[in-house]
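Q: compute the structure for the input listed below.
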Amino acid sequence: MDLTRELLLPYQGLDVFDGLCHIRVYEQPGRLPIVIAGGLDDNPGTAVTLAIEIVAATVQRSEFSDGREFRLIEHYRDPLDGRQAASYSLVHFSHRPLQESPEIEGEFRHPYWEPIDDVEELLDCKVTAWKRGLYTARAVAGEQGEQLRRELAENSHDARTEILRAVERS
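A: Residues are numbered from 1 along each chain as shown. Predicted coordinates:
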């Protein structure tokens, strides 16, 4: 597959803690596109894993607004389960009626993760992985990426401050 797009994607986090993740879109004629969503070391908000349904819906709106289906892989920079390298899991979603989870958009409900032994074999191409502490908005997208991360962090900080003030007044 070919890497066709790479970007930083802001997503609505849980409560007021909006997040930022690294998205890589791989495509090949005749196959469903595959999207890798990676949690940055300096993500200012909700972790990708905790907001995976929202991340998937945001990818759908941002990258596949024509309604095309895609497969989603979550990238964990740190190894899982004693593995030596970064880990990846294919994220599956159960298709449940909208009435069960009206707050979650579209078909992205009830996720479950299936570990992938070799993401490069699955994609049939090289996949870059970053070392701990180096998977940052700046490393992925330069100064523009850092500026986006800073803006999200400031917005989250302002929202947290407002919540604390409201609690203190009550």
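
Q: please make it C-alpha for all contacts and neighbour counts, starting now.
A: OK.

Q: neighbours of L9, how many?
A: By the measure other C-alpha atoms under 10 Å, the count of residues near L9 is 17.

Q: scratch that, I116
A: Neighbours of I116 (other C-alpha under 10 Å): 15.

Q: so what's it up against?
A: 87-90 (C-alpha atoms under 8 Å, 6 or more residues apart in numbering).

Q: wouldn't V55 be in contact with V48 here?
A: Yes: applying C-alpha atoms under 8 Å as the test, V55 and V48 come out as touching, 7.0 Å apart.

Q: just to revisit the earlier point, which of the contacts of I116 lies closest to F70?
A: L90 (11.2 Å; C-alpha to C-alpha).

Q: so the residue nearest to P10 when sequence neighbours are not counted is in which element?
A: Once flanking residues are discounted, P10 sits nearest to L20: 4.3 Å by C-alpha to C-alpha, 6 or more residues apart in numbering. Assigned by DSSP states H and E, L20 belongs to strand 19-27.

Q: what helices or strands is the helix or strand just after that strand leaning on?
A: The helix or strand immediately downstream of strand 19-27 is strand 34-39, counting by DSSP H and E. If you count contacts as 3 or more C-alpha pairs under 8 Å, 6 or more residues apart in numbering; DSSP states H and E, strand 34-39 packs onto strand 19-27, strand 71-76.

Q: that older thread, top of the contacts of I116 by neighbour count?
A: Y88 (24 neighbours).
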